[in-house]
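Q: Okay, here's the prediction I keep looking at, along with the sequence it came from:
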Amino acid sequence: MKSMNLVLCFIFTFLFLSCKEGPQELSQDYRDDPTNPSIQPKVIWVWIDSPRPYGRWNMLPGKQNDSLPVGYRPGRLLISFNKIMVSYSVIPNVTISSTENDYPQLSTYGAYSADGQTFEWPIYGNFKVAKQYLIIVDKSVRDVTNLNLSEDYKKVLIPEPKLRLIESEPKNGDSAYYNPTIVRFEFNSEIDSNSLKSSVTISPSVLGRWQFDYFPNRFVAFVPQNGFKASTWYEITFTKSLKDIFNNVLPNEIKIKFKTRPFRIYYNSPYGGQINVDRSTPISCGFSLPIDTSTVRQSFTISPAVSGYFSYYYNSFSFYRDQLYAPNTTYTVTISTSLRSKTQDQLQNPYTFSFTTRSD
């Protein structure tokens, strides 16, 4: 009997506590109601995000906090509120400022909110590394129940804490890099030109020049004198002595390793097996690397034999006949392995294709 009383007591206590917790949970949900007139509006988080490549920007999922943004280039500022806000009271009353000159600016043109709680503004300009930016939400902003913020919301952010590499072409580990004549790198700050010359190495060594590829000087490129060799692994290293024009240095060494594509023919015209080819059509071949033009004539044969001359452009050549091809005739073109690239790569195998001319 005593044990039965203990069980009943336990059940009663459990039910009592459960009933007590239920309203608390409901109350919590009610307090989070974005239209509840008894709740003061407030800023939940602030975020600086990178640009969206296509179309309209998607809203962030809301998992971010406002301690430090991670976006790298000015794209948009996002601010989330706990209440549904009146858009025309919010959009013109948010500002970004800095002690630096020429800091990024918010634009009210294109600013919007999809749900009334998370707002976004396009940002124009560039952030500077290791500089603070102040976001201010004026207390005059109001929610749909006509309540204002209790005070101005202010948040200091450092969008770019350190000098870093944003993008590279090729990507690190690329095993079939397609462009043998240039590599490009984008940093988050303008690079000091003197620092660049002394802070980068290429292995194996390649003759060429470093240059700024675009303005501003965040974009740097290396142009090899004769191109990169085919089927070769290269490693480009930026040391920690690299710095930007504000004397911010790389915190860590950066290594980009890539392999170039093989030396090969990637197109020919006329194409193999083509029929009804105009009798005046030139023969053209394009290659994956710039070609050594002095090796073209000795590597090119056409059967039946046709006399003519060559023209060259970068990584291609064209053969122009002295007279019209014979009508309704199949010609076979062979490019031998004696053809070389400017870096003295050679074709792995002879390349052959045929075409047939028109009958008239």
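A: Cool, got the structure. These numbers come from a predicted model, not from an experiment.

Q: tell me which element the residue nearest to K257 when sequence neighbours are not counted falls in.
A: Leaving out its chain neighbours, the residue that sits closest to K257 by C-beta to C-beta, 6 or more residues apart in numbering is E235, at 4.6 Å. Quick note: C-beta positions are derived from backbone N, CA and C, even for glycine. With elements taken from DSSP states H and E, the one containing E235 is strand 233-238.

Q: circling back to that earlier point, check contacts around the residue nearest to K257.
A: 202-203, 255-257 (C-beta atoms under 8 Å, 6 or more residues apart in numbering).

Q: what pairs with it across the strands?
A: Residues in a beta bridge with E235, per DSSP bridges, are S203, K257.

Q: Quick one: low-confidence residue ranges for this protein.
A: Scanning the chain with the threshold set as pLDDT under 70 gives 1-32, 50-74.

Q: Over to the nearest residue to I158 once chain neighbours are set aside: give its phi and psi.
A: With sequence-adjacent residues excluded and distances taken as C-beta to C-beta, 6+ apart, I158 is closest to Q132, at 5.7 Å. Backbone geometry at Q132, expressed as degrees, to the nearest 10, gives phi -90, psi 140.

Q: So L165 versus K131, what's the distance?
A: Counting by C-beta to C-beta, to the nearest Å, the gap from L165 to K131 is 19 Å.

Q: so where do the strands sit in the stretch 251-360 of the chain?
A: 254-260, 265-269, 274-277, 283-287, 300-303, 308-313, 316-321, 330-335, 351-357 (DSSP state E, counting those that start in this stretch).

Q: other SSEs contacting the second one?
A: In this structure, strand 265-269 makes packing contacts with strand 283-287, strand 351-357, judged by 3 or more C-beta pairs under 8 Å, 6 or more residues apart in numbering; DSSP states H and E.

Q: Apply 7 Å and report the result again.
A: Applying 3 or more C-beta pairs under 7 Å, 6 or more residues apart in numbering; DSSP states H and E, one finds that strand 265-269 makes contact with strand 283-287.

Q: same deal with the last one?
A: Under the contact definition 3+ C-beta pairs under 7 Å, 6+ apart, strand 351-357 sits against strand 274-277, strand 330-335.
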